[in-house]
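Engineer: A structural model of the following input is requested.
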Amino acid sequence: MLRNIWDPFINSFIDDSLQQDPVKHYRSYLLISGSILLATISSILLILYWLIRGVAADALEYCILVIVGLYSAPLLVRWTKTYTIPGAVLSLLLMFGMPFIGYMLPIYPAPFLVMFPIVPLVATFFVNARFGALSTIVVSIGMYLIYSTHAKQVMTEGSILAPYAFVFVVFAVATYAIVFSFSVFYERSRYTATDLLYKTLDELRDANKTKDEFLARMSHELRTPLNAIIGYTELIKEEAEDNDAELILSDAKKVLLSGQHLLHMINDILDISKLDVGKLPIELGRISIPRLLEQLQAMSELTAQTNGNTLTCDFKYTTQRIVTDPQRLRQILLNILDNACKFTKQGTIKFIVREELIDTQPYFCFQVEDTGKGIPEALQEQVFELFLQGDSSTTREHGGLGLGLFLAKTFAQKLGGTLSLESTLGQGTTMTLYIPHNPPKALQQSLQVPQTY
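Structural biologist: Sure, this is the predicted structure:
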């Protein structure tokens, strides 16, 4: 609950350019949070010390000045749009402010000495290694001067004995040097790892771009002759039907079915490569539902016969045309029907189309029911994942690339619809697609002159 209030408050001081970089955002967040907490704790301690022992006017003014400087860190981050300048201010306040506060109160050495090892760390973490080294030197010199020049005034009875002041300072300086060394080691290791990460990321992007270009070229080179093969096969099929040449007709159907299956996979591969780089546009148009269903029925009957299945259709609708992406809608339905035909043997495929109102909005509901072996409940979500088909045995038995249903669900969501499944093991599967009569407003803005399909 407290973090839900604290995080937005801290982020309000961090510029958007810093928030986009996780490392810069994290360091800015630490700087602001640390400065506020340190200033608040210092204020509470100052008030308690003033109530118990009293504070001289000049010491009180100096303490308030340091506390105000700590509280100014969030504003400095906001105004400078960086954390290095506020980090330098914080380091300077720790280097010069805290020793003088301890000396003027006076409460040296115990309460403040424990804070000095963090000065090199803060300077290196928020600024750079050179500033961290400088802070180590300055703090070490300052500590030596205080203990050597004002040992009698600073060291009260019960504190460290004066003869051992020099030894104490040496150990303090050694502590600062060790802390600084570790901070430099951390920073260099982080920068090395970050550079390696960015270099690897650039290489992966280049490799991914090369892969996408190759897939696009390959798909084009394959689709051109394949479309010609499919076209000539359809001509042969029609001629065989006219001449009652059953043997030629049977062979032509097999060639046609294999060609369409291969073309379907090539299109899926090309769509995946486009989707991966965000270059898969949705092209809206008015599509004729009767014509679409007629085409789907003709193509699916041929596919269903491959495994000895029977395709039945139940169409109940009144709307003749809707506005959507005709190519993507056809691709979704073909994927669903092809899957049902592929995973069902000697069974029945039922294609149901109807209209429904969902939240007063008209939708077309496309359902494909099969009597196949069904999908185990544990694997039902996986069928919509990329390159997955439930389990490896499914891929070995039925083939395929595991792209169809992933693309179908992706396209359905882009068109403002949904795609879901219900399956019972041993009884069959039902895939349900809902597509609105009109696309979402975001898609309508890109709609200029819809074509008719």
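Engineer: Going by C-alpha atoms from here, please, whenever you check contacts or count neighbours.
Structural biologist: OK.
Engineer: quick one: low-confidence ranges for this structure?
Structural biologist: Judged by pLDDT under 70, the chain has its weakly predicted residues at 1, 55-56, 98-117, 142-187, 216, 272-280, 386-402, 442-453.
Engineer: which residues in it form strands?
Structural biologist: Along the chain, counting by DSSP state E, strands occupy 285-288, 310-316, 321-324, 348-358, 361-370, 418-424, 428-436, 451-452.
Engineer: Looking at the ones you listed, which is nearest to Leu121?
Structural biologist: Evaluated with C-alpha to C-alpha, the strands of the chain place strand 418-424 nearest to Leu121, the distance being 53.5 Å.
Engineer: could you dump the closest one to CSV, C-alpha only?
Structural biologist: As requested, the backbone C-alpha atoms of strand 418-424 are provided in CSV (Å, rounded to 0.1, in the frame of the first residue of the first chain):
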residue,chain,number,x,y,z
THR,A,418,-12.0,-13.6,-30.2
LEU,A,419,-11.0,-17.1,-30.8
SER,A,420,-11.5,-19.9,-28.2
LEU,A,421,-11.8,-23.6,-28.0
GLU,A,422,-13.7,-26.2,-26.0
SER,A,423,-12.5,-29.8,-26.1
THR,A,424,-13.3,-33.1,-24.5
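Engineer: buried sites along that strand?
Structural biologist: Residues 418-419, 421, 423 are the ones in strand 418-424 that count as buried (16 or more other C-alpha atoms under 10 Å).
Engineer: and if you look at stretch 255-275?
Structural biologist: Per 16+ other C-alpha under 10 Å, stretch 255-275 contains these buried residues: 255-257, 259-260, 262-274.
Engineer: ok so, going back, would you turn the strands of the chain into CSV with distance to Tyr49?
Structural biologist: Listed next are these as CSV, based on distance: least, C-alpha to C-alpha, whole Å:
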stretch, distance to Tyr49
strand 285-288, 77
strand 310-316, 85
strand 321-324, 74
strand 348-358, 68
strand 361-370, 69
strand 418-424, 66
strand 428-436, 71
strand 451-452, 81
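Engineer: do you know which of the ones you listed lies nearest Glu301?
Structural biologist: Set against Glu301 and scored by C-alpha to C-alpha, the strands of the chain come closest in strand 310-316, at 6.1 Å.
Engineer: re the thing from before, what's the closest of the buried residues of strand 418-424 to Ile41?
Structural biologist: Taking C-alpha to C-alpha as the measure, Ile41 sits nearest to Thr418 out of the buried residues of strand 418-424, at 54.5 Å.
Engineer: how much space between that closest one and Leu284?
Structural biologist: 17 Å (C-alpha to C-alpha, to the nearest Å).
Engineer: Kindly report the same for Ala412.
Structural biologist: Ala412 sits 13 Å away from Leu284 when distances are taken as C-alpha to C-alpha.
Engineer: In terms of neighbours, single out the busier of those two.
Structural biologist: Ranked by neighbour count (other C-alpha atoms under 10 Å), Ala412 and Leu284 place Leu284 first, with 24 against 20.
Engineer: thinking again about what came up before, out of the strands of the chain, which is closest to Ser135?
Structural biologist: strand 418-424 (60.9 Å).
Engineer: In TSV: the buried residues of strand 418-424, plus distance to Phe384.
Structural biologist: Converted to TSV, the buried residues of strand 418-424 look like this (distance: C-alpha to C-alpha, whole Å):
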residue	distance to Phe384
Thr418	12
Leu419	9
Leu421	10
Ser423	14
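Engineer: Break the chain down into its structural domains.
Structural biologist: Following automatic domain parsing, one finds the domains of the chain at 2-203, 285-452.
Engineer: Nearest to Ser219, out of these?
Structural biologist: Proximity to Ser219, assessed across the domains of the chain by C-alpha to C-alpha, is greatest for domain 285-452 (15.1 Å).
Engineer: Which one of the strands of the chain lies nearest to Val23?
Structural biologist: The closest of the strands of the chain to Val23 is strand 418-424. By C-alpha to C-alpha, the value is 38.0 Å.
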